[in-house]
Every structure is written in C-alpha cells, then in structure tokens.
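*Asks:* okay, predicted coordinates and the sequence, questions at the end:
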Amino acid sequence: MSTSLLYHAFGIRGYDYVNTAYEEGRVLFTIRQRRHTYRCSVCGSRDVLPHGHEERPFRAVPIGGKPVRIIFPIPRVECPHCGVPRQVPLNFADPRRSYTRSFERYALELSRLMTIQDVAQHLQVSWDVITDIQKRDLQHRYHKPRLGKWKQIAIDEIAIGRGHRYLTVVLNLETGAIVFVGDGKGADALEPFWKRLKAARAKIAAVATDGSAAYIEAIRDHLGKVTPVFDHVHVIKLFNEKLRDCRRALQREATEPMPKEVLKGTRWLLLKNPENLDPKRKERERLEEALRMNQPLATVYDMKEDLRQIWEQPDQATATRVLEDWMRRAEASGIKLLQKFAGTLAMYGRASWRTMTAGFRRGRWKGRTTRSGPCSGKPTASATRSSSS
C-alpha cells in the first residue's frame, strides 16, 4: 500500500505506510510520522525533542462492508519554548475525536440520504457519534451567519419541554435558516441579536412577528422605521383560537341536548380548511348542520374563510381592499369576537398589513398566540348577508 493511496482513499497526507493487518473483521492500517515533521501543537515550533508516543486507532472510511482503522502512534514532543510535553498536531483528524476527517465527511454525505440510526448502523458506530458529527458541522457552518445582506426576518418564541421554558428564535425568511436562539422570551432575549445585527449594518426591510407587544416595541427601538408585519400563519392561528373559544361558549350556553351534542363534535371541523374536510367521515355535512343551528357561529366561521382569502389576492392593492372590507363587516356584525379581532388588526396599523399582504404571503412556521375572551352578541342582518355572499 502506497502513501498516495492513503491520501486518495482516506485523506491522509504526509505520513508513511507501515503495514496492514486484519483483526475481527476489521482492516487495520498502521502509519507513522516522519521525525523532521514534528512540531509543537501550541506554538508551532519545530525545535522540539521526541518524548515517546501514544498509539491510537482512528475510524476511517470503510472498504466495502469492512470497518477500517488507522493505527497511529502519536508522537509526543517536548518544546523548549513552552516547556511542556505535548502530542504533535494531526492533519487528518480533529483533536479529541476518534475518527478521521474523511470519515466525518462520509457520514455527513450519508446523513443527507439516511436517518441518523441508519447511518450509525451502516458505519457500525453509536448514534452519539453521528449526532456529534452533525452538530459540529452545523456549528461550523451556522454559528456566525452573515447578517449584512438580510432583508426579511421573523421573530417568535417556542416552548421547550415542560415547565414553561421558552426560547426566542430569529429566522431568515429568505433562506428559512434559524440564525439566532435566545434564552427566554420577550425583548431581553433579543439583545445579543440586535448587537450582532447593528455590527453587520444589515438593512432590514421587514420583520414578521406574532403580534407580541414586547417584540413590536423591540423592533421599533432597534430598527427605527422598519415596520413589523404579521404573516398569515399567526393571524389565522389567533383567529382559530378565538373561534374555538366561541364554540365552547356557545356549547355551554346551549339549553337543548341536540345543539349541545352537535357543537361538541365540531371542535376540529371548525379549524380545518374546507378543502381538508374528509368526505368519508361526512365532515362537511356535520359542519354544515352545526352552522345551520347557530347563526353567530356560522358568521364567525364564514369570516374566518374570508380572512384566509386576503393572502390569495393577486396584488397588494386588492389585498388591502379585501382586508379593509373584512374589518368593516366585522365591526358591523354585532359579534363581540369579530369586533375585538377587527380592533386588534386596526391597532397594528395599516402599514403593517400592506407589507404583510405584499411580501409575506406564506408563513414559514407556526407561532404561539394568546387566547382571549369568548364569543357573544348576535349578527346584524347586513353582516349575515355579507358573510353568506
């Protein structure tokens, strides 16, 4: 076996091949380092004295189905400049790792096509080895993303496990990459991100958020005139939360057994998009029956479907007109839920919604929203006609 094969097959260059052995189904290649290439791993000095060695095996790319180990007696040297004996640096493996860099690259290539468990079984290593390789790769590529060319970002919080622990996440909407994770929720969790963004001199055009007052205030404090916008995922989820509370309130108020039972079975049907209703389970018929029995609920449901249509408009001007018409009909409906929701939209400001309808037609993640009060009131005649038309 030549030194050129060591390089082309395993990415090992600058070492001499010693021998090959076969042990328990594995292929073992022993290599050694030339004396004149020794140097200190801290200061890089070549003025070092040999101080023994420590033999270690390194996992390498397998040959067929056979695992391969590179056996290397790592030289130890004593550096007169540092005054401490140390191992020489390796050019084919990272410190404190038991596998070569070529093995690491091979595992990452397989990870694009296979699950972690499948890769681990194929390479005959533990699950932890593959996850360590993936984490190191992600850390190398994304630990300090370049912020200078960013235009659109999203900010949201996510819950981690149990115990009400939260993380604040910033997403690059143009690439879909998560670029910052802060501990906790609210404005304080974003402070390190604002410092990095300022240093990068990024010119952010819009920031999508879930409508949190803390996030909106932080955006205005750190990005000046940049308008916070609200993508359709957060808006529809917020409305669905209110629709769910409306159904619960109407179910509690129902005095007859039949309406109460019908409303009880429509919890998920109300939240589904009409095109996703299952005909085999007669979900559309069950939903229509519930809506016929309760006019306020029917009005709220119709308004939910009309709200979805805002993001389907061909241009910003049309979308803005549809939104403003929706808000007028909500105010005229006489239903507290719709009036309150229209007030929420108006509070965020028209500029936010114009940007939203133009540039954020599809949300990239599912936000968390705050639940609010139940449905009350009766629809007016004009609102009923508008909803059914």
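*Replies:* Arrived safely, thanks for sending.

*Asks:* any weak-confidence spans in the stretch 151-300 of the chain?
*Replies:* Where the stretch 151-300 of the chain drops to pLDDT under 70, the residues are 163, 231, 251, 253-268, 270-271.

*Asks:* which stretches of it form helices?
*Replies:* Assigned helices in the stretch 151-300 of the chain, in chain order: 191-200, 213-223, 232-253, 257-264, 283-293, 295-308 (criterion: DSSP state H, counting those that start in this stretch).

*Asks:* export these to JSON lines and append columns for mean neighbour count and distance to residue 93.
*Replies:* Glycine gets a C-beta too; all of them are placed from N, C-alpha and C. Putting those into JSON lines (neighbours: other Cβ atoms under 10 Å; distance: least, Cβ to Cβ, whole Å) gives the following:
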{"stretch": "helix 191-200", "mean neighbour count": "14", "distance to residue 93": "32"}
{"stretch": "helix 213-223", "mean neighbour count": "17", "distance to residue 93": "43"}
{"stretch": "helix 232-253", "mean neighbour count": "19", "distance to residue 93": "44"}
{"stretch": "helix 257-264", "mean neighbour count": "14", "distance to residue 93": "63"}
{"stretch": "helix 283-293", "mean neighbour count": "16", "distance to residue 93": "58"}
{"stretch": "helix 295-308", "mean neighbour count": "20", "distance to residue 93": "54"}
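
*Asks:* ok now stretch 140-155, how far from the chain's centre?
*Replies:* Here stretch 140-155 is found 13 Å from its chain centre; the criterion is Cα atoms, centre = their mean, to the nearest Å.

*Asks:* list the buried residues in it.
*Replies:* By 16 or more other Cβ atoms under 10 Å, the buried positions in stretch 140-155 come out as 145, 147, 150, 152-155.

*Asks:* ok so, going back, got TSV for the helices of the stretch 151-300 of the chain, with distance to residue 80 too?
*Replies:* Formatted as TSV, the helices of the stretch 151-300 of the chain follow (distance: least, Cβ to Cβ, whole Å):
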stretch	distance to residue 80
helix 191-200	41
helix 213-223	52
helix 232-253	64
helix 257-264	83
helix 283-293	81
helix 295-308	75
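
*Asks:* what's the closest of those to residue 162?
*Replies:* helix 232-253 (21.2 Å; Cβ to Cβ).

*Asks:* now that closest one and helix 295-308, what's the angle there?
*Replies:* In terms of direction (axes from the mean of the first three to the mean of the last three Cα atoms, to 10 degrees), helix 232-253 departs from helix 295-308 by 180 degrees.

*Asks:* list the helices and strands helix 232-253 packs on?
*Replies:* Counting contacts by 3 or more Cβ pairs under 8 Å, 6 or more residues apart in numbering; DSSP states H and E, helix 232-253 is packed against helix 257-264, helix 295-308, helix 336-348.

*Asks:* name the next helix or strand downstream of the longest strand anywhere in the chain, please.
*Replies:* Assignment by DSSP state E gives strand 49-63 as the longest strand of the chain. Later in the chain than strand 49-63, the nearest helix or strand by DSSP states H and E is strand 66-78.

*Asks:* could you list the buried residues of the following helix or strand past that following strand?
*Replies:* With elements assigned by DSSP H and E, the helix or strand that comes after strand 66-78 is strand 85-87. Neighbour counts over strand 85-87 (16+ other Cβ under 10 Å) mark residue 86 as buried.

*Asks:* over to stretch 54-61?
*Replies:* 58-61.

*Asks:* point to the residue nearest the middle of this protein.
*Replies:* With distances taken as Cα atoms, centre = their mean, residue 178 lies nearest the centre of the chain, 5.4 Å away.

*Asks:* before we move on, the earlier item: and the buried residues of stretch 54-61 as CSV, adding distance to residue 41 and pLDDT?
*Replies:* CSV is the format used below for these (distance: Cβ to Cβ, whole Å; pLDDT from 0 to 100):
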residue, distance to residue 41, pLDDT
58, 17, 96
59, 22, 95
60, 22, 95
61, 25, 94
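
*Asks:* farthest pair within those?
*Replies:* Spanning the widest gap among these are 58 and 61, at 11.0 Å by Cβ to Cβ.

*Asks:* mutual contacts of these two, please.
*Replies:* Both residue 58 and residue 61 are contacted by 100, 103, under the criterion Cβ atoms under 8 Å, 6 or more residues apart in numbering.

*Asks:* where does the stretch 1-150 of the chain have low pLDDT?
*Replies:* 1-2.

*Asks:* before we move on, the earlier item: which one of the buried residues of stretch 54-61 is nearest residue 3?
*Replies:* Ranked by distance to residue 3 (Cβ to Cβ), the buried residues of stretch 54-61 are led by residue 60 at 14.8 Å.

*Asks:* residues contacting the closest one?
*Replies:* By Cβ under 8 Å, 6+ apart, residue 60 lies in contact with 10, 29, 68-70, 99-100, 102-103.

*Asks:* thank you, goodbye.
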